[in-house]
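*Asks:* Structure, please.
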Amino acid sequence: MTEKQNNSDEKKRLDWHSGFEGGLMLSLRRYAKDLQIEREHPLSSEPLRIDFLVIKKRPDVLIDNAMGREFKTYNLIEYKNPNDELNIDVLWKVIGYACLYKSFGKSVDAIKSDEITVTILRAAKPAGLLKNLDTAGVNVEKTTPGIYKIDGIIRMPVNIVVIGELQDSELKALSVMRPGVDADTVRQFIDEAQTFTEPGDKRFADAVLEISASVNEKLYERLRGDDGMCEALRKIMAEDLQDAENRGVELGREQGLEQGIEKGIAIFIEDKMEDKVPEDKIIERVETKFKVSREKAAEYVKRLQDSFVAG
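*Replies:* I've put the predicted structure just below:
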């Protein structure tokens, strides 16, 4: 297998949606008490799911950022990672999800069509799709940097969010996950993430940074050379370590502290394997977080891989 194929396979394995979940949650964190957010909300008894459903608990709440400003009561969000296609058929499929969601109300017309919005996010501008819409006579208006409003294709509002064009500071958690992000944006996000105090926020920041670092390796290598920034990265991404250590110490009360910590490392590795994080990235994270040699980290990972295969 060529290096190019290896790189392609690694990109496919990245858990983009967990990263996007972190970015979405952090982008809407100021409004958390007024929103109900469901991941992969089921649209029917069959495996037909929209990526995210955001329901405003109070209709009068304004989501004051570029993505959420037009949100109504029921907001369907579809995220396309940089390897996904966004063409006219994908657009209609997502609109179809919205139509199905409207039809699945508990009673006739319980979900009003004018209370539904559709938002599709992608790192780069889908030039082919926009050209197709223009040819079909569908009006597309760029309402603000990164936000393209599709008018006339269906009654409910449809917006395409081009993450690479966003300038809204409240959406940095989404911007940092795109390939080619600039160092200033990453630094700003890391500075902001260090102020997070709510439970879960650091976990979301960790998911965002894991994707961002995976697709911007050279940039993060430079940032790790900055002592201050390296320390900030370690602090932000330390929650996984703490969770694993806590679970390991709990087990250690019964099995002995050393065995418990090893179990904590095993739990950490298993979590990353389940998220389909590439092997070399898991080894790097174990080495950094648990302060073990690269050889020891690789040994732990190999041992757990063999267990996974055997299981």
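
*Asks:* could I have the helix or strand hosting I190 exported to PDB, CA atoms only?
*Replies:* I190 is part of helix 183-193, with elements assigned from DSSP states H and E. Below are the C-alpha coordinates for helix 183-193, written out as PDB (Å, rounded to 0.1, in the frame of the first residue of the first chain):
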ATOM      1  CA  ALA A 183      -2.300  29.100  13.700                       C
ATOM      2  CA  ASP A 184      -4.000  32.300  15.100                       C
ATOM      3  CA  THR A 185      -7.500  30.600  15.000                       C
ATOM      4  CA  VAL A 186      -6.100  27.500  16.800                       C
ATOM      5  CA  ARG A 187      -4.400  29.700  19.400                       C
ATOM      6  CA  GLN A 188      -7.600  31.700  20.000                       C
ATOM      7  CA  PHE A 189      -9.600  28.500  20.400                       C
ATOM      8  CA  ILE A 190      -7.100  27.100  22.900                       C
ATOM      9  CA  ASP A 191      -7.000  30.300  24.900                       C
ATOM     10  CA  GLU A 192     -10.900  30.200  25.000                       C
ATOM     11  CA  ALA A 193     -11.000  26.500  25.900                       C
END
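
*Asks:* Please point out which parts of it sit buried.
*Replies:* The neighbour-count criterion (16 or more other Cβ atoms under 10 Å) identifies T185, V186, R187, F189, I190, A193 as the buried residues of helix 183-193. Placement of C-beta: from N, CA and C, glycine included.

*Asks:* Moving along the chain from it, name the first helix or strand you hit.
*Replies:* Reading on from helix 183-193 to the C-terminus, the next helix or strand found by DSSP H and E is helix 201-215.

*Asks:* Report all helices and strands that that next one contacts.
*Replies:* With contacts defined as 3 or more Cβ pairs under 8 Å, 6 or more residues apart in numbering; DSSP states H and E, the packing partners of helix 201-215 are helix 16-27, helix 172-175, helix 183-193, helix 227-236, helix 239-255.

*Asks:* ranking those by mean pLDDT, which is last?
*Replies:* The stretch with the lowest average pLDDT out of those is helix 239-255, scoring a mean of 52.

*Asks:* can you list the buried residues of helix 183-193 in TSV and add distance to L26?
*Replies:* Formatted as TSV, the entries for those read as follows, by distance: Cβ to Cβ, whole Å:
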residue	distance to L26
T185	14
V186	14
R187	16
F189	9
I190	12
A193	8
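
*Asks:* Would you mind checking which of these is nearest to D280?
*Replies:* V186 (21.0 Å; Cβ to Cβ).

*Asks:* Confirm for me that the closest one is in contact with L219.
*Replies:* Yes. Between V186 and L219 there is a contact at 6.8 Å, judged by Cβ atoms under 8 Å.

*Asks:* which intervals of the stretch 201-311 of the chain have sub-threshold pLDDT?
*Replies:* Applying pLDDT under 70 to the stretch 201-311 of the chain flags the ranges 234-261, 263, 275, 307-311.

*Asks:* do that again at 50, thanks
*Replies:* Within the stretch 201-311 of the chain, the stretches with pLDDT under 50 are 249, 252-257, 310-311.

*Asks:* Provide a list of residues in contact with the residue lying closest to V277 once chain neighbours are set aside.
*Replies:* Of all residues beyond its chain neighbours, the one nearest V277 is D15 (6.8 Å), with distances taken as Cβ to Cβ, 6 or more residues apart in numbering. With contact set as Cβ atoms under 8 Å, 6 or more residues apart in numbering, D15 has these partners: A207, E210, I211, D275, K276, V277.

*Asks:* what's the spacing between D15 and Y220?
*Replies:* To Y220, D15 is 17 Å away according to Cβ to Cβ, to the nearest Å.

*Asks:* do the same with S107
*Replies:* For S107, the distance to Y220 equals 51 Å [Cβ to Cβ].

*Asks:* what's the answer for A183, then?
*Replies:* Distance from A183 to Y220, counting by Cβ to Cβ: 9 Å.

*Asks:* same thing with A66?
*Replies:* Here the criterion is Cβ to Cβ. By it, A66 lies 26 Å from Y220.

*Asks:* what do you get for K291?
*Replies:* Taking Cβ to Cβ as the measure, K291 and Y220 are separated by 20 Å.

*Asks:* For those two, work out which one has more neighbours and name it.
*Replies:* Neighbours of K291 and Y220, each counted by other Cβ atoms under 10 Å, are more numerous for Y220; the result is 19 against 10.
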